[in-house]
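> Fold the following.
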Amino acid sequence: MLHKFLSRPFLAALIAFGLVSLQLFYEYTHGGVVSHHLLAREDMPAISNWLGLISIPLLAYLVVRSLRSRVTRNGDDARTGIAAGFVGGLAYGLLMSGLWEFDLDAYMPPLLLLPLLLAFFLPVYRWECFLGMVLGMAWTFGGILPIAIGLLLVLCCWIIYKGIRGGILRLINR
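Predicted coordinates:
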């Protein structure tokens, strides 16, 4: 089933569009569509959740399209890794959203460092982890802020996994 889904990136974009539409419909009928201020500061510009109608489906399309080639090259092993990475990213995003929603945001800064720690052991910089995290955070933070935060995390995790971890392993294996 995952192979069929990965072979249809437009379907992923359509599903993402549907999920964002449901969220926006809920917000619209319950007091208006939410806007999020950068860094949660009122003096910073606000970003409307309406932008999620473009950003999340586009992200889903691009990620699924890029994963399709990895599955073609690596077969079943890639599918298992993709599913695990997506579920892990989704769980992380939902956890971050839950902490914010239940006013436990004091725990978010240390938890934000968790992917950086995991990057020493796992390739958490991959796109499926990123998409899962963004989808998990979208209900609480909209369609732009999770992408911006996620891109920064992906870059840092990639540097740690490929650069720092790779350098340490090369030194150890000499």
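
> So what's the residue count around the nearest residue to R126 once chain neighbours are set aside?
The shortest distance from R126 to any non-neighbouring residue, by C-beta to C-beta, 6 or more residues apart in numbering, is to G85 (5.4 Å). Quick note: C-beta positions are derived from backbone N, CA and C, even for glycine. By other C-beta atoms under 10 Å, 23 other residues sit near G85.

> got a list of what G85 touches?
Neighbour list for G85: 123-124, 126, 128-129, 132 [criterion: C-beta atoms under 8 Å, 6 or more residues apart in numbering].

> repeat that with 10 Å
G85 sits next to 67, 122-133 when contact means C-beta atoms under 10 Å, 6 or more residues apart in numbering.

> Next, format the residues you listed as JSON lines and append secondary structure and distance to P45.
Shown next, in JSON lines, are these (DSSP: H, G, I helix; E, B strand; the rest coil; distance: C-beta to C-beta, whole Å):
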{"residue": "L67", "secondary structure": "helix", "distance to P45": "33"}
{"residue": "L122", "secondary structure": "coil", "distance to P45": "35"}
{"residue": "P123", "secondary structure": "coil", "distance to P45": "34"}
{"residue": "V124", "secondary structure": "coil", "distance to P45": "30"}
{"residue": "Y125", "secondary structure": "coil", "distance to P45": "28"}
{"residue": "R126", "secondary structure": "coil", "distance to P45": "31"}
{"residue": "W127", "secondary structure": "helix", "distance to P45": "28"}
{"residue": "E128", "secondary structure": "helix", "distance to P45": "31"}
{"residue": "C129", "secondary structure": "helix", "distance to P45": "28"}
{"residue": "F130", "secondary structure": "helix", "distance to P45": "24"}
{"residue": "L131", "secondary structure": "helix", "distance to P45": "26"}
{"residue": "G132", "secondary structure": "helix", "distance to P45": "27"}
{"residue": "M133", "secondary structure": "helix", "distance to P45": "23"}
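
> Could you pick out the buried ones from those residues?
Among those, those classed as buried by 16 or more other C-beta atoms under 10 Å are 67, 122, 124-133.

> hang on, the earlier thing: least confident pick among the contacts of G85?
Lowest pLDDT of the contacts of G85: L67, 89.

> isn't that residue right up against R8?
No. Applying C-beta atoms under 10 Å as the test, L67 and R8 come out as separate, 11.6 Å apart.

> In the chain, mark out all the strands, start to finish.
Secondary structure of the chain, counting by DSSP state E: strands at 35-37, 46-48.
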